[in-house]
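Colleague: dropping a prediction and its sequence here:
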Amino acid sequence: MNVIYSNRIFGKDILTFKKKLLLESGDPMTSIQPSNPIEVMSQKNLIIFASSLGVLLIYATYIFGLNVLLITAVSVFFAYLVEVLFAKVRKKTIEKAWIIVPLIFALMMPPTATWWMAAIGSTFGVFFGKAIFGGLGKNVFHPSVVGILFLYFAFPPNMLTKWLNPVTEDVVATATPLITLNRALEFPYSVTDLLMGNVPGTIGETFRLGIIVLGLLLIILKIVDWKAPLSFLATIFIVNFVGGLLSPERFRDPLLSLLVGGVMFAAFFLVSDASTAPKYPYSKIIYGIGIALITVIIRNFATFPEGVVFAVIIMNALAPIIDSMKINRKFSEVSQ
């Protein structure tokens with residue numbers, strides 16, 4: 001009995017000693033966070049995922065002009081600076097997937113944004129959304145969303161009232177498809193316009209046909225899990241359809257609700273993010289439904305036009321709780 005007791009104490013001491021070494025190494029999050037799901041993605045999958053973002057950026061440059069490239073370049077540069085600094089502090093190499101965050105961030109910016117806004121938002125998002133947690137896979141919130149939300153509150157006129165109409169090349173304040181639909185105004189945009197990107201919006205959200213094709217390709221190649229994105233899109237459609245039958249003055253056209261704002265982009269590039277979403281199958285479905293419900297509530301009942309970024313950040317915080325639900329117990333037991 002004494003031997004068993006001594007071994008237990010010794011084992012506990014070894015564990016404490018290992019944790020102490022990790023804390024002293026300058027990377028305390030490593031001792032308490034799970035492994036990084038992004039890092040285990042193959043090099044081929046990373047290239048395909050980054051290339052899909054690149055396609056959207058190239059098309060956005062064609063639609064909105066060269067300022068898209070400036071915003072992207074600045075976002076990538078400042079994100080890289082933060083990555084280099086933290087890699088040196090933590091005495092680790094830079095993650096292979098580091099470029100994904102600034103690319104997604106750039107695609108969520110308005111095409112009229114200035115270079116210094118891109119610099120501030122990218123730096124803030126990578127620093128507070130990822131680096132201080134220890135890197136991708138250890139972060140609680142999506143870093144790109146963290147950066148965008150900071151800019152929303154810090155510079156609302158620049159982020160929310162200056163949209164470029166790619167057809168007329170005019171800067172407009174309220175004529176985006178999302179705002180027009182939310183306010184129940186006469187909707188001047190065709191489905192073709194919404195799919196092909198000939199409408200005001202953020203850099204990456206307007207070419208919805210490309211987003212759908214690329215998103216489905218990522219699902220087919222199993223680079224992205226289908227559960228959260230499709231449950232997200234299905235819930236937005238169903239809630240707006242049923243809501244339109246019960247209260248047509250409050251809920252909008254279910255199809256248009258999917259094709260305005262950042263819903264499509266969020267589905268395949270934010271909601272599907274492996275490092276901030278739950279890891280179990282049922283959890284991912286619940287997660288997608290939760291993001292959809294919050295998005296619809298904010299869009300239809302709040303004064304803020306777009307709810308998807310707030311919905312993503314809220315459900316990021318709830319992801320661990322969703323994974324701990326009893327419905328996921330059998331998956332947890334299998335993984336252990």
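Modeller: Received it, and whenever you're ready, just let me know what you need.
Colleague: could you use CA atoms for every contact and neighbour count after this?
Modeller: Will do.
Colleague: what residues sit buried inside the host helix or strand of residue 313?
Modeller: Applying DSSP states H and E as the criterion places residue 313 in helix 308-323. By neighbour count, and taking 16 or more other C-alpha atoms under 10 Å as the criterion, the buried residues in helix 308-323 are 308-313, 315-316, 318-320, 322-323.
Colleague: one more: stretch 208-224?
Modeller: For stretch 208-224, using 16+ other C-alpha under 10 Å, the buried residues are 208, 209, 210, 211, 212, 214, 215, 217, 218, 219, 223, 224.
Colleague: distance check, the last one against residue 46.
Modeller: Residue 224 sits at a distance of 11 Å from residue 46 (criterion: C-alpha to C-alpha, to the nearest Å).
Colleague: returning to what we had before: which residues touch the helix holding residue 313?
Modeller: Residues from elsewhere that reach helix 308-323, judged by C-alpha atoms under 8 Å, 6 or more residues apart in numbering: 140-142, 145-146, 149, 262-263, 266, 270-271, 276-280, 283, 286-287, 290-292, 294-295.
Colleague: work out for me the element residue 122 sits within.
Modeller: helix 115-129.
Colleague: list phi and psi for the nearest residue to residue 241 once chain neighbours are set aside.
Modeller: Counting by C-alpha to C-alpha, 6 or more residues apart in numbering, the nearest residue to residue 241 once its immediate chain neighbours are dropped is residue 254, at 5.3 Å. Residue 254 adopts backbone torsions of phi -60, psi -40, taken as degrees, to the nearest 10.
Colleague: residue 280 too?
Modeller: Note on residue 280: its backbone torsions stand at phi -90, psi 150 [degrees, to the nearest 10].
Colleague: for it, give me the pLDDT.
Modeller: Note on residue 280: pLDDT of 90.
Colleague: how about the one 3 residues further on?
Modeller: What the model reports as pLDDT for residue 283 is 93.
Colleague: low-confidence ranges in this protein?
Modeller: With pLDDT under 70 as the threshold, the chain has low-confidence stretches at 1-41, 327-336.
Colleague: in it, what residue spans correspond to strands?
Modeller: With DSSP state E as the criterion, the chain has strands at 163-164, 171-172.
Colleague: highest mean neighbour count out of the ones you listed?
Modeller: Counting by mean count of other C-alpha atoms under 10 Å, strand 163-164 has the highest mean neighbour count of these, with a mean of 25.
Colleague: helices or strands up against that one?
Modeller: On a contact count with 3 or more C-alpha pairs under 8 Å, 6 or more residues apart in numbering; DSSP states H and E, strand 163-164 meets strand 171-172.
Colleague: in its sheet, what does the strand it packs on sit against?
Modeller: Take DSSP bridges as the rule and strand 171-172 pairs in its sheet with strand 163-164 (antiparallel).
Colleague: right, I'll call it a day here.
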